[in-house]
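Engineer: could you look at this predicted model? Sequence included:
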Amino acid sequence: MSEHAYIHTVVVNHEEQYSLWPVHVPVPEGWRETGYRGTRGECLEHIRSVWTDLRPLSIR
C-alpha cells in the first residue's frame, strides 16, 4: 500500500456537510476538497473544529 493510502482530504458538499476521503480515490460528484489534508485522525479533528452546526445549510 502506498504512502498516499494513509492520507485523507477533507471534503464538503453544497449543504456544507463535511467528510473525509482518501486522497488516492477521486472525490465523488457533489463534493469538493477544502484544502485540508492529513491522517484520518487529523482530518476528523479538523472537521470537529470547523463543522460546529451539523444541520444542513438548507435548514439553517
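Structural biologist: On my side now, so go ahead.
Engineer: does the residue most central in space within the chain lie in a helix or a strand, and which?
Structural biologist: Against the mean C-alpha coordinate of the chain, by Cα atoms, centre = their mean, the closest residue is residue 10 at 2.4 Å. Assessed by DSSP states H and E, residue 10 sits inside strand 8-13.
Engineer: what packs against that strand?
Structural biologist: Using 3 or more Cβ pairs under 8 Å, 6 or more residues apart in numbering; DSSP states H and E, the elements in contact with strand 8-13 are strand 18-22, strand 31-38, helix 40-50. In short, each C-beta sits where N, CA and C put it, glycine included.
Engineer: list the buried residues in the shortest one.
Structural biologist: This points to strand 18-22. Neighbour-count burial for strand 18-22, counted by 16 or more other Cβ atoms under 10 Å, picks out 18, 19, 20, 21.
Engineer: related to what we said a few turns ago, right, and the residue nearest to the centre of the chain touches residue 44 too?
Structural biologist: No - the pair residue 10 / residue 44 is not scored as a contact, 9.0 Å apart, by Cβ atoms under 8 Å.
Engineer: any common contacting residues for these two?
Structural biologist: Shared contacts of residue 10 and residue 44 (Cβ atoms under 8 Å, 6 or more residues apart in numbering): residue 20.
Engineer: one step back: widest-spaced pair of the buried residues of strand 18-22?
Structural biologist: 18 and 21 (10.4 Å; Cβ to Cβ).
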